[in-house]
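1. Coordinates only, no sequence provided:
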Ligand SMILES: [Zn+2]
């Protein structure tokens, strides 16, 4: 085959590929989409993310998992959701119990758009600290789960990420006994440090290019990340990366005692059946 014929064949292939893709993602022929969806059996609490846990290396070369911590948060989470939607791609959100109870509608939107919701403790406690050993740490994990469940109106996935990636042994084995999978990361965006969208894109792209694949840690809580997302997703697409969407085989099971505690503390706030703010509080005079 001559070079010209090969080129023509390649172009024909491309031409064939684009309409199919734009059908999958209306309005964006260059969408990342979802390369692969995996279902994780969390029995026994498997741990992922090669920075800390080396047992389950489930990603193929060129595959990435998009993860966002610390939400849900007004504006920033929604901006991240919009960017993901423009690319018809899916991510995993490790949400904080308190934030979920403060912003239940944003959390519900994350779920409604098909993303996976995991948890990240109740109040972003550092479980590596001495005062969080034993019962205190377990309560942070369980209240986080019950809080997210209450705000969402359904149990999230049994997926957990330790705040500050601090993973004491007793908490790791506790999560194992609760059949909750632990997620670390392969690429840290350092978005909480840089606070600059271009810097976030640059950091992620250089690290992921070097590693060739991995779980990317970002924060939908951070403005810089929310702003960086359209460019970052375009770059990932341009470099040929494929997104892997994580799903759980079964939802998390919360403990009744913590569900009760959350209900007592937050039941009166109406978190469970909150309506859109604009339908509750409407400006009738002024701007
Ligand atoms: Zn965090």
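-> That came in fine, so what should we check first? Quantities reported herein were computed from a predicted structural model and do not represent experimental measurements. Numbers count the residues shown, from 1 in each chain.
2. who touches the residue in the stretch 151-287 of the chain positioned nearest to the ion in this structure?
-> Closest to the ion within the stretch 151-287 of the chain is residue 163: 4.6 Å, counting by CB to the ion. Where you see a C-beta, it was placed from the backbone N, CA and C, and this is true even at glycine. By CB atoms under 8 Å, 6 or more residues apart in numbering, the residues touching residue 163 are 120-121, 124-127.
3. tell me the contacts of residue 125?
-> 132, 136-137, 140, 163.
4. Which pair in those residues has the greatest spatial separation?
-> 136 and 163 (13.5 Å; CB to CB).
5. Quick one: the helices in the chain, in order.
-> 3-24, 76-86, 97-102, 104-112, 135-152, 169-177, 191-194, 197-211, 223-238, 256-266, 277-280 (DSSP state H).
6. what's next to the last one, contact-wise?
-> Outside helix 277-280, the residues that touch it by CB under 8 Å, 6+ apart are residue 105.
7. Let me see the mean pLDDT of that helix.
-> The predicted model assigns helix 277-280 a mean pLDDT of 72.
8. So which bits of stretch 131-147 are buried?
-> 132, 137-147 (16 or more other CB atoms under 10 Å).
9. which parts of the stretch 1-150 of the chain sit against the ion?
-> Within the stretch 1-150 of the chain, the positions near the ion by CB under 5 Å from the ion are 69-70.
10. Where does the prediction get shaky in the stretch 1-150 of the chain?
-> The model of the stretch 1-150 of the chain has pLDDT under 70 over residues 1-23.
11. Could you rerun that using 50?
-> Applying pLDDT under 50 to the stretch 1-150 of the chain flags the ranges 1, 9-22.
12. ok so, going back, with distance to residue 80 as extra columns, can I get the buried residues of stretch 131-147 in a markdown table?
-> Below are those laid out as a markdown table (distance: CB to CB, whole Å):
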| residue | distance to residue 80 |
| --- | --- |
| 132 | 29 |
| 137 | 28 |
| 138 | 30 |
| 139 | 29 |
| 140 | 25 |
| 141 | 24 |
| 142 | 27 |
| 143 | 25 |
| 144 | 20 |
| 145 | 22 |
| 146 | 25 |
| 147 | 21 |
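13. Which member of those residues is positioned nearest residue 169?
-> Proximity of these to residue 169 (CB to CB) peaks at residue 137, which lies at 11.0 Å.
14. which non-adjacent residue is nearest the closest one?
-> residue 127 (4.5 Å; CB to CB, 6 or more residues apart in numbering).
15. What are the neighbouring residues in contact with the one you found?
-> Here residue 127 is in contact with 121, 137, 140-141, 162-163, 166-168, 171 (criterion: CB under 8 Å, 6+ apart).
16. now, which of the residues you listed sits nearest residue 183?
-> residue 162 (8.9 Å).
17. measure the closest residue to that closest one other than its chain neighbours to the ion for me?
-> Spatial nearest neighbour of residue 162, excluding adjacent residues (CB to CB, 6+ apart): residue 127 at 5.9 Å. Taking CB to the ion, to the nearest Å as the measure, residue 127 falls 11 Å from the ion.
18. How about the contacts made by the nearest residue to residue 68 once chain neighbours are set aside?
-> Leaving aside its chain neighbours, residue 68 sits nearest to residue 220 (3.9 Å; criterion: CB to CB, 6+ apart). If a contact means CB under 8 Å, 6+ apart, then residue 220 has 68-73, 76-77, 80, 93, 226 as its contacts.
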